[in-house]
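Q: predicted model and sequence follow; I will ask about them next.
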Amino acid sequence: MRNSLSLTGHQVDELLDKHTPHVIRIKMPADERVGFDDMIRGHVSFETNQVDDKVLLKADGMPTYHLAVVVDDYLMKISHAFRGEEWLPSAPVHLLLWEYLGWKADMPQWAHLPLILKPDGHGKLSKRDGARLGFPVYAMSWFDVKTGELTPGFRELGFLPEAFLNLLATLGWNDGTDQELFTLDELIEKFSIERVSKAGAKFDFEKAKWFNAEWIKKSEVWSLKSKVREILEDKGIAIVNEDYLERVIELVKERCVLLTDFYQQSAYFFEQPKEYDVNSVKPKWTDAKAEFFSAFIGTINNTDTLEPDALEADFKALAEETGIKAGELMLPFRIMLVGGKFGPHVFDIAALLGKEETVMRIEKAVSIFNG
RNA sequence: GGCCCGUUCGUCUAGGGGUUAGGACGUUAGAUUUUCAUUCUAGAAACAGGGGUUCGAUUCCCCUACGGGCUACCA
């Protein structure tokens, strides 16, 4: 080995005079044990003989991470250093650096957090896993200029910041009760580093989605409004009426897991269905049913404002008069308004759409079903 | 290979010397919803193995196994 330890002082000076490229390393002491108290793991110690003399300053003059963190943390007066468990093996280097630099009294408290692992297989979670398994690994979309590769983030996928924070906080931590849903304020109040678990946790996207669904359900309409509006407008839907948008959100929010689901769940409130699930109606479509709906249009026209309960009562009364089971007519009615087999209660939808729109959609769909 | 860290249902976890080992996600069955989702009820499902210590260990100690991390002039 050829370095300042194996060469004589004279030889070193000579090489230095000739500006020979070189690095600067930390010199680990022999036969010592360096240890510290980790806030999560308790006392951790290492044999100095097992730790190698890490490069601190590269040949190009730039510091490595090891030198940089210590200097940076010292300058920024960092009191607590939280980092991933993968840093544990280099902790002795940092510890000694704090000491050698004469800053030992200012050294921060350490906490090495457990790692987030791949849901399948083994190893720590990487952005590749997200691409491979179909879920995000970053909070926000990230574009790699070097590779030209776009990695989608939780936000763009339709996660609420509150939900993302919540799921991250409870991955490896809990307050000792059965509570799983926490607001930021609650986390600030209840979080304690002592309750962070030591073992790595496999990431579970299903549970992540559950957190988001829960947060969408418990969020107030006003807090969801701007995000939903953005999603709908991105899809080319013009929002003209604020109040209408709020009522739509109120009606569909409990069936959305991701914010992006608001498009599929509420697009039909803003524009007529582009496609109809004709197959679910056509085979059982009869002239009698067509007649029912033209009669129902009459009923609607005789009503001042559509109100869900009253409309449903009228619908059922008319069905009975016509001699057709109401159940046979509900699905066709839904498909007329929505286009498919989904959405909230049909009469809620009709009431919100309003008289004219409802009538228009019935007329249009009837002609499609007849033809 | 060496060093370090870890190990309770499939997954995230609670618990802790004597418990029917609790909850959540997912899953299964049923109810409600004349769509789907929500909601509700019920079910299946775990202390890695071996030694100690102890009247008694899943819980404390040791070993093994397994898992993870690090072992770059990357962070």
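A: Arrived safely.
Q: for the stretch 201-350 of chain A, which segments count as strands?
A: With DSSP state E, counting those that start in this stretch as the criterion, the stretch 201-350 of chain A has strands at A:201-202.
Q: near RNA strand B, which residues of it?
A: Taking C-beta under 7 Å from any atom of the strand as the test, the list of the stretch 201-350 of chain A residues beside RNA strand B reads A:201-202, A:204, A:206-207, A:210, A:213, A:217, A:254-255, A:316, A:319, A:325-327, A:330-331, A:334, A:341-346. Where you see a C-beta, it was placed from the backbone N, CA and C, and this is true even at glycine.
Q: can you pull out the strands in the stretch 51-200 of chain A?
A: Counting by DSSP E, counting those that start in this stretch, one finds strands in the stretch 51-200 of chain A at the ranges A:55-57, A:80-84, A:109-113, A:116-117, A:142-144, A:149-151.
Q: out of those strands, which comes closest to RNA strand B?
A: With C-beta to the nearest atom of the strand, the closest approach to RNA strand B among these belongs to strand A:55-57: 3.6 Å.
Q: quick one on the thing from earlier: could I get the strands of the stretch 51-200 of chain A as JSON lines with distance to residue A:351, mean pLDDT and mean neighbour count?
A: Shown next, in JSON lines, are the strands of the stretch 51-200 of chain A (distance: least, C-beta to C-beta, whole Å; pLDDT from 0 to 100; neighbours: other C-beta atoms under 10 Å):
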{"stretch": "strand A:55-57", "distance to residue A:351": "71", "mean pLDDT": "96", "mean neighbour count": "16"}
{"stretch": "strand A:80-84", "distance to residue A:351": "52", "mean pLDDT": "95", "mean neighbour count": "14"}
{"stretch": "strand A:109-113", "distance to residue A:351": "51", "mean pLDDT": "95", "mean neighbour count": "18"}
{"stretch": "strand A:116-117", "distance to residue A:351": "46", "mean pLDDT": "94", "mean neighbour count": "18"}
{"stretch": "strand A:142-144", "distance to residue A:351": "44", "mean pLDDT": "83", "mean neighbour count": "11"}
{"stretch": "strand A:149-151", "distance to residue A:351": "42", "mean pLDDT": "83", "mean neighbour count": "13"}
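Q: picking up where we left off before, which of the residues of the stretch 201-350 of chain A next to RNA strand B are buried?
A: Neighbour counting with 16 or more other C-beta atoms under 10 Å marks A:213, A:255, A:319, A:330, A:334, A:343, A:344, A:346 as buried within those.
Q: okay, and which of those map to helices?
A: Counted as lying in helices by DSSP state H, out of these, are A:213, A:319, A:330, A:334, A:346.
Q: determine which two of those residues are furthest apart.
A: A:213 and A:319 (34.9 Å; C-beta to C-beta).
Q: residue of chain A closest to RNA strand B, please.
A: As assessed by C-beta to the nearest atom of the strand, RNA strand B sits closest to residue A:122 within chain A, at 2.1 Å.
Q: against residue A:297, how distant is that residue?
A: Applying C-beta to C-beta, to the nearest Å, the value for residue A:122 to residue A:297 is 63 Å.
Q: give me the number of residues near residue A:271?
A: Neighbour count for residue A:271, taken as other C-beta atoms under 10 Å: 11.
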